[in-house]
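Chemist: 3D, please:
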Amino acid sequence: MSDACAYFTKMAQNNAWANDTLFRAVCAMAEAEVWATRPGYFGSIGATLNHVYEIDLYYLDALERGGQGLSVYDREDVRHMGELRALQTTADTRFIAFCQALDAETLAARVQTERKDGMTQERVDWLILHLIQHDVHHRGQVHAMLSHAGVKPPQLDDFYLDFGRVPTAQGYWETADG
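Modeler: You can find the predicted model right below:
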């Protein structure tokens with residue numbers, strides 16, 4: 001695997017770890033608190049995490065050339081956070097596997113994304129970066145909503161450096177490196 005492809009794998013692993021870390025905090029909350037109205041674009045922790053999952057499905061489908069396109073949005077929000085956490089973990093595992101299989105040719109390739117006004121072509125590398133940035137953006141919103149709910153938000157930036165890497169992050173490193 002090239003260095004560039006290894007970087008994408010590390011970003012996917014970090015993404016999975018951060019999602020799981022955030023879900024650990026959210027799953028400890030009462031359901032009413034998860035769905036309570038909070039400041040943020042989607043208005044609740046539950047709705048925001050459902051959005052993250054749904055967009056991950058959309059872009060994973062494009063990356064894997066699954067052909068589902070916009071039909072991934074034909075779903076109801078998952079109300080139980082333990083169930084959503086399991087679904088997100090499955091999506092994150094798919095994303096890591098996709099990144100582990102990357103090569104330079106695939107990174108530069110273009111994949112179709114179905115939009116409301118038609119099909120577009122996106123470079124794989126830029127689409128991966130967009131997916132990760134999208135997740136970081138909305139996890140930040142959930143982080144703020146946790147504070148609003150009186151829950152101490154988990155630390156989500158202790159993944160990459162040897163100094164200070166939290167034990168829960170280590171397992172995500174070992175799955176790909178070991």
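
Chemist: what about the spatially closest residue to Gln68 that is not a sequence neighbour, helix or strand, and which?
Modeler: Nearest residue to Gln68, sequence neighbours excluded (Cβ to Cβ, 6 or more residues apart in numbering): Asp61, at 4.6 Å. All C-beta atoms are positioned from the backbone trio N, CA, C, and that covers glycine. Assigned by DSSP states H and E, Asp61 belongs to helix 45-63.

Chemist: on that earlier part again, can you give me the neighbour number for the residue nearest to Gln68?
Modeler: By the criterion of other Cβ atoms under 10 Å, Asp61 has 20 neighbours.

Chemist: What segments of the protein are strands?
Modeler: Ranges of strands within the chain are 110-115, 118-123, based on DSSP state E.

Chemist: okay, those strands in a markdown table with mean neighbour count, distance to Gly67 and mean pLDDT next?
Modeler: Formatted as a markdown table, the strands of the chain follow (neighbours: other Cβ atoms under 10 Å; distance: least, Cβ to Cβ, whole Å; pLDDT from 0 to 100):
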| stretch | mean neighbour count | distance to Gly67 | mean pLDDT |
| --- | --- | --- | --- |
| strand 110-115 | 14 | 9 | 94 |
| strand 118-123 | 11 | 11 | 93 |
